[in-house]
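In: Give me coordinates for this.
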Amino acid sequence: MHNLYVGEGLDFTGVPTKMLTVNVTLRMSIYNPATFFGIHVHSTPINLVFSDITIATGEVRIILLPISSAKQQL
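Out: Residues are numbered from 1 along each chain as shown. Below you'll find the predicted structure:
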């Protein structure tokens, strides 16, 4: 996690407001020692939830890893 900020305040109309700022990188290292099978990696959507509200959504790119190989994915 690069940074995280959580705060509360009032907006310009006086309504209570919660704020969240986050900067995150997900890094995966995959190693396939198999000599016969490749690896196919995919995920369901990743949701970042704050106070019962989904504030961000993302997906891991599909990774196809050939036989006897390694890869680092950002």
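In: now the strands for the protein?
Out: Secondary structure of the chain (DSSP state E): strands located at 3-10, 16-23, 28-32, 39-41, 46-50, 53-58, 63-65, 69-73.
In: Could you provide those in TSV, with additional columns for mean neighbour count and mean pLDDT?
Out: From N, CA and C alone the C-beta is placed, and that goes for glycine too. Output for these, formatted as TSV (neighbours: other CB atoms under 10 Å; pLDDT from 0 to 100):
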stretch	mean neighbour count	mean pLDDT
strand 3-10	9	81
strand 16-23	11	80
strand 28-32	12	77
strand 39-41	13	75
strand 46-50	11	79
strand 53-58	11	77
strand 63-65	14	69
strand 69-73	12	65
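In: end-to-end on stretch 9-28?
Out: Using CA to CA, to the nearest Å, one end of stretch 9-28 lies 36 Å from the other.
In: just how off-centre is it within its chain?
Out: In terms of CA atoms, centre = their mean, to the nearest Å, the centre of stretch 9-28 is set 17 Å apart from its chain centre.
In: where's the spatially closest residue to Val49 that is not a sequence neighbour relative to Val22, distance?
Out: If the residues on either side of it in the chain are set aside, Val49 comes closest to Ile55, at 7.1 Å by CB to CB, 6 or more residues apart in numbering. Counting by CB to CB, to the nearest Å, the separation of Ile55 from Val22 is 9 Å.
In: Touching both of the two, which residues are there?
Out: Leu48 (CB atoms under 8 Å, 6 or more residues apart in numbering).
In: quick revisit: if I pick the residue nearest to Val49, what's in contact with it?
Out: Residues counted as contacts of Ile55 (CB under 8 Å, 6+ apart) are Leu20, Leu48, Val49.
In: One more: Gly9?
Out: Counting by CB under 8 Å, 6+ apart, Gly9 makes contact with Pro16, Thr17, Met19.
In: The second one against Val6, yeah?
Out: No - Thr17 lies out of contact with Val6 (CB atoms under 8 Å); the separation is 11.9 Å.
In: follow-up on the earlier one: which of the contacts of Ile55 sits closest to Pro66?
Out: Leu48 (32.1 Å; CB to CB).
In: so how far is Thr57 from the closest one?
Out: Counting by CB to CB - Leu48 and Thr57 are separated by 7 Å.
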